[in-house]
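**Student:** Just a sequence and a predicted model for now, questions to come.
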Amino acid sequence: MHFRGVRHGTTRPTSSRFDDDPATRASVTCLVDDPLKACLSEATLNGLRLRNRLIKAATSEGKSPLGVPSDALIRFHERIGEGGVGMTTLAYCAVEADGRLDENVIYPHEGVRPQLERFVRTVKATGAAVSAQLVHAGSFTKNPALTNRRPLGPSRGINTLGLSRGLGRISAMTHAQIQARVAAFAEAAAFMKGVGFDALEIHFGHGYAISQFISPKTNKRTDEYGGTLDNRMRFGVEVLAAVRAAVGDTYPLLGKISMTDGVDGGVTYADSVEIAATLDAAGLDAIVCSGGTSSMNPMLLFRGDSIGPGLLQHEKSVGMRMALRIAGPRLFKHYPFEETYFLEHAQRIRDRVRCAVCYIGGANSADALGRVMAAGFDFVQLGRPLIYDPDFPRAVLQDSAHTSGCTHCNRCVGAIGSDGGLYCTERPGTFE
């Protein structure tokens, strides 16, 4: 019999969606007496076998100039794979050209197929599985090559990110434009599966296109895509259904959500339990429980030192630098770092849904990994600990008292905009 995890000391059967075919069940066997050992043991997600339950989180790398995956990008993820994670995630793959934050973001098309195929081959050779995050910027963009005159979102509004590039006004999407965006997700999913990615992560959070519909802060529609939470979830559910149809029932799909927007009038922690339940019922294989919004409250996700100084250091636009200086103190709120800072809220989702649940947020040591697994989570996503030291999984395997040396200075966030892309400012040569 297959089991996916442990909750309150008992095993939980897999979602009934997989009951007809045990070979495709999302299954993990958690070892209650040794949760750290459970984290480092083999796992299966909808038929995809992983060597452990550690997943490199999708952290934008800034290593794809003009949208072309570079050798540095491939080496970055190869090094992550060499460090021992079960799966690494290629971050922020826009589902279409208009879905990019800017011109230096990958989107699926034949011009990048050779580079993506080499990415997949190289990383898989390390023993790690490879996932790609599918996302659309929606109205939160500074992409100068939009085919529309204005960024498109669920409702009219102001796009602060695009003000310096003349993209400050948001237009509300028509039904035809909504359906075209759904189709873009499906087409991108089929392309990325064809390239060879083992799994896909759909981004439902952080203030990007789907979460712009989910959040009452940005969705003021009065039709069937606005108002109640069920209506605000409609676009995201349609995207999930279209992607599932494109990749098939036996292909792993993860989804990252924001458990809260972290602003008045936005998604709340209570809302997120229902959001997760809706996506679970709609057929998602694993939910990644994150928080915050890139556009309104990014520090809720990061915790620790402000990301402002790093962003200022590498921002090339004079207008954006001025905006960061003016808005930074208000936008970048102070949240002290503490380990497993999302655990209490993510636990409510773990208790509600039957699909796999992936924890993210402050899992900075072997002890933290053990705590997360003991709480019944199926997988753990890691960002900064792996950027600081890609060998973190191997270190934890060898030393059950190991703690990452990451100081949560968050300068790596600003480094995404540097000429070479993401790196740890405290250990800059790690990925060379």
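**Tutor:** Received the coordinates, thanks.

**Student:** Every contact and neighbour count from this point should use C-alpha atoms.
**Tutor:** OK.

**Student:** Which parts of the stretch 1-150 of the chain are strands?
**Tutor:** 3-7, 10-13, 43-45, 48-50, 54-56, 87-94, 129-135 (DSSP state E, counting those that start in this stretch).

**Student:** right, so of those strands, which gets closest to Gly236?
**Tutor:** Across the strands of the stretch 1-150 of the chain, Gly236 has its closest neighbour in strand 129-135 (11.4 Å, CA to CA).

**Student:** The closest one: which residues count as buried?
**Tutor:** Using 16 or more other CA atoms under 10 Å as the test for burial, strand 129-135 gives 129-135.

**Student:** any chance of those in CSV, with distance to Gly304 and pLDDT too?
**Tutor:** Converted to CSV, those look like this (distance: CA to CA, whole Å; pLDDT from 0 to 100):
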residue, distance to Gly304, pLDDT
Ala129, 30, 98
Val130, 29, 98
Ser131, 28, 98
Ala132, 27, 98
Gln133, 25, 98
Leu134, 27, 98
Val135, 26, 98
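
**Student:** just to revisit the earlier point, Ala186 is nearest to which of the strands of the stretch 1-150 of the chain?
**Tutor:** Nearest to Ala186, of all these, is strand 129-135, at 9.9 Å by CA to CA.

**Student:** so how far is the helix or strand following that closest one from its chain's centroid?
**Tutor:** Moving toward the C-terminus from strand 129-135, the next helix or strand (DSSP states H and E) is strand 152-153. Centroid separation for strand 152-153 versus its chain: 21 Å, with CA atoms, centre = their mean, to the nearest Å.

**Student:** picking up where we left off before, ok, the buried residues of strand 129-135 vs Thr407, which is closest?
**Tutor:** Looking across the buried residues of strand 129-135 and measuring by CA to CA, the closest to Thr407 is Gln133, at 26.4 Å.

**Student:** Mind listing residues that contact stretch 326-335?
**Tutor:** Here stretch 326-335 makes contact (CA atoms under 8 Å, 6 or more residues apart in numbering) with 296-300, 303-308.

**Student:** Stretch 199-207 too?
**Tutor:** Contact partners of stretch 199-207, identified using CA under 8 Å, 6+ apart, comprise 130-135, 140, 189, 193, 210-211, 236, 240, 251-258, 261, 290-296, 298.

**Student:** Can you list the strands that the helix or strand hosting Leu254 pairs with?
**Tutor:** For Leu254, the host element (DSSP H and E) is strand 253-258. Strand 253-258 has its sheet partners listed here by DSSP bridges as strand 199-203 (parallel), strand 286-290 (parallel).

**Student:** Return the mean pLDDT over the next helix or strand after the first one, rounded to an integer.
**Tutor:** So that's strand 199-203. Later in the chain than strand 199-203, the nearest helix or strand by DSSP H and E is helix 209-214. Helix 209-214 carries an average pLDDT of 98.

**Student:** and helix 209-214, what does it pack onto?
**Tutor:** Applying 3 or more CA pairs under 8 Å, 6 or more residues apart in numbering; DSSP states H and E, one finds that helix 209-214 makes contact with strand 152-153, helix 229-232, helix 234-247.

**Student:** What degree of burial does Ala415 show, as a neighbour count?
**Tutor:** The local packing of Ala415 (other CA atoms under 10 Å) involves 23 other residues.

**Student:** Please name the nearest non-neighbouring residue to it.
**Tutor:** Leu422 (5.0 Å; CA to CA, 6 or more residues apart in numbering).

**Student:** A strand includes the one you found, no?
**Tutor:** No - read with DSSP: H, G, I helix; E, B strand; the rest coil, Leu422 is coil and lies in no strand.

**Student:** hang on, it packs against Pro428?
**Tutor:** No - counting by CA atoms under 8 Å, Pro428 is not a contact partner of Leu422; they are 9.5 Å apart.

**Student:** Comparing those two, which residue is more hemmed in?
**Tutor:** A side-by-side neighbour count of Leu422 and Pro428, using other CA under 10 Å, places Leu422 first with 25 against 13.

**Student:** With Ala346 as the reference, measure out to that one.
**Tutor:** Distance of Leu422 to Ala346, computed by CA to CA, to the nearest Å: 28 Å.

**Student:** so which of the strands paired with strand 253-258 comes closest to Leu90?
**Tutor:** Once those are compared by CA to CA, strand 199-203 is nearest, at 9.4 Å.

**Student:** how about the strands of the stretch 251-400 of the chain, start to end?
**Tutor:** Shown for the stretch 251-400 of the chain, the strands assigned by DSSP E, counting those that start in this stretch span residues 253-258, 286-290, 356-360, 379-382.
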